[in-house]
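Q: Sequence unavailable; structure follows:
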């Protein structure tokens, strides 16, 4: 069995997954966490399935070496492309979670017979992973999806909460493929940062499903169920990136809520 004080490993293609890491640490401040951002290969949204799987396995090796009790794939593209392979590879060494299944479980409980929208990267939307999982639960939920590839780079460049971002967001959300939805899944870890603007667009007639909060709650529930919540003091945080630049470090303030020190971990050298 795992040690409750062992860390939680969280990885993403870059620093967008820090929105999930931030939600986890707010909910579970006593947990030790290790974050790995594969900034050498971002974004995963336009990479092949085979490439994402190879990156994910290598990152999991690194997290297993740190004795993580749980590995969270904090990236929708990697969750869609590599979750099954990673879970099989990791086996019983750690629990593996993704950012898609908790959201599907949530809408199963709350949106039976309703129409829901999904926005995400091309990789996430074209993989059809959400649609397959939603159809499989058999709750007559109609899912409408739209790839929104400009949103993640726009957010990474700091263009949110201004006229430029409002125009791009409105252009995407006005697409006919998202008509008559009752809720919208933010299917990319960057998107919680524009949740307010998306809510404003819909004038609160559409519920915005913040996946970072849903995933953090699911993670806590699993730890509690298996008596693996760490009760020993304040949690330690470590943040690694595969390619370090000053702009990445400055961007952590956007994604994590405060600036943190990133450590270069040259996984690919």
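A: Arrived safely, thanks for sending. Just so we're clear, the structure is a prediction, and the values are computed from it rather than from any experiment.

Q: Tell me where this protein has helices.
A: For the chain, the helices defined by DSSP state H cover 18-27, 49-65, 76-90, 101-110, 122-126, 129-136, 151-156, 163-173, 195-201, 211-225, 246-256.

Q: For residue 183, find the nearest of the ones you listed.
A: Among these, helix 101-110 comes nearest to residue 183, with 7.2 Å by C-beta to C-beta. Placement of C-beta: from N, CA and C, glycine included.

Q: picking up where we left off before, got CSV for the helices of the chain, with distance to residue 3 and mean neighbour count too?
A: Rendered in CSV, the data for those read as follows (distance: least, C-beta to C-beta, whole Å; neighbours: other C-beta atoms under 10 Å):
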stretch, distance to residue 3, mean neighbour count
helix 18-27, 18, 22
helix 49-65, 14, 18
helix 76-90, 16, 22
helix 101-110, 24, 17
helix 122-126, 33, 21
helix 129-136, 32, 17
helix 151-156, 35, 21
helix 163-173, 43, 15
helix 195-201, 35, 16
helix 211-225, 12, 19
helix 246-256, 26, 17
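
Q: Of all those helices, which one comes closest to residue 2?
A: When those are compared by C-beta to C-beta, helix 211-225 sits nearest residue 2, at 9.8 Å.

Q: How far off centre is the closest one?
A: Distance of helix 211-225 from its chain centroid, counting by C-alpha atoms, centre = their mean, to the nearest Å, is 13 Å.

Q: ok and it relative to helix 76-90, angle-wise?
A: Counting by axes from the mean of the first three to the mean of the last three C-alpha atoms, to 10 degrees, helix 211-225 points 20 degrees away from the direction of helix 76-90.

Q: Let's test this: mean pLDDT of helix 211-225, rounded?
A: Mean pLDDT, helix 211-225: 96.

Q: Give me the distance between the helix or strand of the chain with the lowest mean pLDDT and the centre of its chain.
A: Here the helix or strand of the chain ranked lowest by mean pLDDT, DSSP states H and E is helix 246-256, holding a mean of 81. A distance of 17 Å separates the centroid of the chain from that of helix 246-256, by C-alpha atoms, centre = their mean.
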